[in-house]
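J.: Here's a sequence, model it:
(one chain, ligands or ions: 1)
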Amino acid sequence: MQMPDIRLLLIGSGAVMLGHMRSLVQLKGVKIVGLADVDEARMARAMEMLEEPVPGLLDYRQLLETVEADACFIAVPNYLHRQVACDCLDAGLHTMCEKPLATTTADCDAMIEAAERNDRFLQVGLSCRFSRVDSTAHRLVVSGMIGEPKMVWAREFRAPFAKKYQDWILDRDRSGGTLVEKTCHHFDLFNWFTGACRESNATRVYGSGGADWVYQDHAHLPVGVTEAERPTLNIIDNAFVTVDYDTGARAQLLLCMFANRGRKLEVGVQGTEGAVVYYRLESLVELYDGDHPKDPRRIEIDIPDDEVGLSHQGQAYLEQLYFFDCIRKGERPKVDGVVGKRSVEIALAAEESVRSHLPVEISATPLV
Ligand SMILES: NC(=O)c1ccc[n+]([C@@H]2O[C@H](COP(=O)([O-])OP(=O)(O)OC[C@H]3O[C@@H](n4cnc5c(N)ncnc54)[C@H](O)[C@@H]3O)[C@@H](O)[C@H]2O)c1
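T.: Model prediction:
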């Protein structure tokens, strides 16, 4: 028997939602039935991507009241995630909320609780878990080929944040800070890889970072930003963060947000018997094991042609397929509110440690 289409609402139509829409509009069995955004021009741009117009409202709550739906995608600024997600869950919608889950642990708890209370799924957009490159690396680690993971690292050297709606991304109060906004992805990877062989909980976080270049008076402005648009900001643009785990593993992040040249995204896992290192931008995984102790086995990941042009080389598309599959099967998504909260806990501790210059102890929320 053919299942009815999943009726989907989209809330927020900024850069990320437009990226999601490139694949959402093609998905079989999913029908976008409404949009909401406070900015009419952005909403109009999103509407143009649909074959047929659907209701588009400035107030998402009116959309929830007037349009029948089964699920929603949320891509609004981080500080709004809690309110919007709780309203969607209370309206009975399975909810896919962009990362970071929220900007405080109390907000994460409220969202997790709203999903439980309404018996709806809450998935968080930690989409690296769906990348073909990251998941190949994870499968190798889980297989035990490199023994027990002891050290994990992520080095991301990239260009500054792109311009966002009302510069929310440059304001710690609205974004949670750079280590919440950007590197919740990396902290999630640390949790995922250290927990690949047995459950791991982060226990202590040490951070050192600063706002040393991006948008500072002496600095070049990012491409596309004029002097008149130079914003004030209270976020950091570079950091080293170390995370200790109760398995004895430790993880380290190196982040630079002003690497206009020398872009780099490297993630590695050193185990007791070998290592896996990967480069997502190059779709390359290297395996150092007993057979390849010095020169690694190079695994070039084949990204199917129809995924290459999609958001984040298809990882958002694979994330979407998973979310809708969970809804159809009635299976709780693995990348749920608890997983989202665990990365936010580390990120907030890292932000605090950068400010206090002291290590911050945490007791990570147990996985359920
Ligand atoms: N998964 C990923 O890899 C990834 C990558 C980048 C960003 N994100 C996340 O996606 C979210 C959106 O980021 P973005 O880059 O699209 O930002 P953006 O500023 O480009 O878009 C945000 C949109 O939300 C709209 N908005 C603001 N308040 C609203 C409200 N009350 N109701 C409805 N719409 C409202 C704005 O008008 C804007 O169109 C953020 O949480 C961000 O962290 C995820």
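
J.: So for the nearest residue to G309 once chain neighbours are set aside, what's the pLDDT?
T.: Excluding the flanking residues, the one nearest G309 by CB to CB, 6 or more residues apart in numbering is R22, at 7.6 Å. For glycine as for every other residue, the C-beta is placed from the backbone atoms N, C-alpha and C. We have a pLDDT of 95 for R22.

J.: now could you export just the CA positions of the helix or strand where R22 lies as CSV?
T.: Using DSSP states H and E, R22 sits within helix 15-24. C-alpha atoms of helix 15-24 as CSV (Å, rounded to 0.1, in the frame of the first residue of the first chain):
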residue,chain,number,x,y,z
ALA,A,15,20.9,30.3,3.3
VAL,A,16,20.6,26.9,5.0
MET,A,17,16.9,26.3,4.2
LEU,A,18,17.5,27.2,0.5
GLY,A,19,20.3,24.6,0.6
HIS,A,20,17.9,22.0,2.1
MET,A,21,15.2,22.9,-0.5
ARG,A,22,17.5,21.9,-3.4
SER,A,23,16.9,18.3,-2.4
LEU,A,24,13.6,18.6,-0.5
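
J.: C-terminal to that helix, which secondary structure element comes first?
T.: Next along from helix 15-24, by DSSP H and E: strand 30-36.

J.: in the host helix or strand of L318, what counts as buried?
T.: For L318, the element it lies in under DSSP H and E is helix 315-329. By neighbour count on 16 or more other CB atoms under 10 Å, the buried set for helix 315-329 is Q315, A316, Y317, L318, E319, Q320, Y322, F323, F324, C326, I327.

J.: just these now: which is nearest the ligand?
T.: Closest approach to the ligand among the buried residues of helix 315-329 (CB to the nearest ligand atom): A316, at 6.8 Å.

J.: got the contact list for the residue of the stretch 251-368 of the chain found nearest the ligand?
T.: Per CB to the nearest ligand atom, H312 is where the stretch 251-368 of the chain lies closest to the ligand, at 6.1 Å. Shown in contact with H312 (CB atoms under 8 Å, 6 or more residues apart in numbering): G19, S127, S131.

J.: got JSON lines for these, with pLDDT too?
T.: Formatted as JSON lines, those follow (pLDDT from 0 to 100):
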{"residue": "G19", "pLDDT": "95"}
{"residue": "S127", "pLDDT": "97"}
{"residue": "S131", "pLDDT": "96"}
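
J.: For the residue nearest the centre of the chain, grab phi and psi.
T.: By CA atoms, centre = their mean, the mean C-alpha position of the chain lies nearest to L126, the distance being 3.3 Å. The phi and psi values for L126, taken as degrees, to the nearest 10, are phi -80, psi 70.

J.: Apart from its chain neighbours, what residue comes closest to it?
T.: D188 (4.6 Å).

J.: got the CA coordinates for the one helix or strand that neighbour maps to in CSV?
T.: Per DSSP H and E: D188 is located in helix 184-194. The C-alpha coordinates for helix 184-194 follow below in CSV (Å, rounded to 0.1, in the frame of the first residue of the first chain):
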residue,chain,number,x,y,z
CYS,A,184,29.0,21.9,17.8
HIS,A,185,29.5,19.8,14.6
HIS,A,186,33.1,19.0,15.7
PHE,A,187,32.2,18.3,19.3
ASP,A,188,29.5,15.9,18.0
LEU,A,189,32.1,14.1,15.9
PHE,A,190,34.3,13.8,19.1
ASN,A,191,31.3,12.2,20.9
TRP,A,192,30.6,10.0,17.9
PHE,A,193,34.1,8.7,17.5
THR,A,194,35.1,8.4,21.1
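
J.: Pop the domain breakdown of the chain in here.
T.: As assigned by automatic domain parsing, the chain contains the domains 6-126, 128-361.

J.: lowest-confidence stretch among the ones you listed?
T.: domain 128-361 (a mean of 93).

J.: Give me the neighbour count for the one residue in the chain that gets nearest to the ligand.
T.: Residue nearest to the ligand within the chain: G14 (1.8 Å; CB to the nearest ligand atom). Applying the criterion other CB atoms under 10 Å, we find 19 residues in the vicinity of G14.

J.: thinking again about what came up before, just checking, the residue nearest to L126 touches F130?
T.: No: look at D188 against F130 with CB atoms under 8 Å: they stay out of range, at 11.7 Å.

J.: more neighbours, the two?
T.: Applying other CB under 10 Å to D188 and F130 shows that D188 carries more neighbours, namely 25 against 21.

J.: Contact distance from the ligand - what residues of this structure qualify?
T.: For the chain, the contact set with the ligand under CB under 6 Å from any ligand atom comprises 11-17, 36-39, 42, 60, 75-78, 80, 98-99, 125, 127, 164-165, 181.

J.: quick one on the thing from earlier: what sits against the residue of the chain closest to the ligand?
T.: D37, R42, A75, V76, K164, Y165.

J.: Could you check how many residues crowd around I303?
T.: By other CB under 10 Å, 16 other residues sit near I303.

J.: With K341 instead?
T.: 21.

J.: That one in helix, strand or coil?
T.: helix (DSSP: H, G, I helix; E, B strand; the rest coil).

J.: In contact with the closest residue to it other than its chain neighbours, which residues?
T.: Leaving aside its sequence neighbours, K341 sits nearest to C108 (CB to CB, 6+ apart; 3.8 Å). Taking CB under 8 Å, 6+ apart, we find C108 in contact with R82, L101, A102, G337, G340, K341, V344.

J.: try 6 Å
T.: Each residue near C108 by CB atoms under 6 Å, 6 or more residues apart in numbering is listed here: L101, A102, K341, V344.
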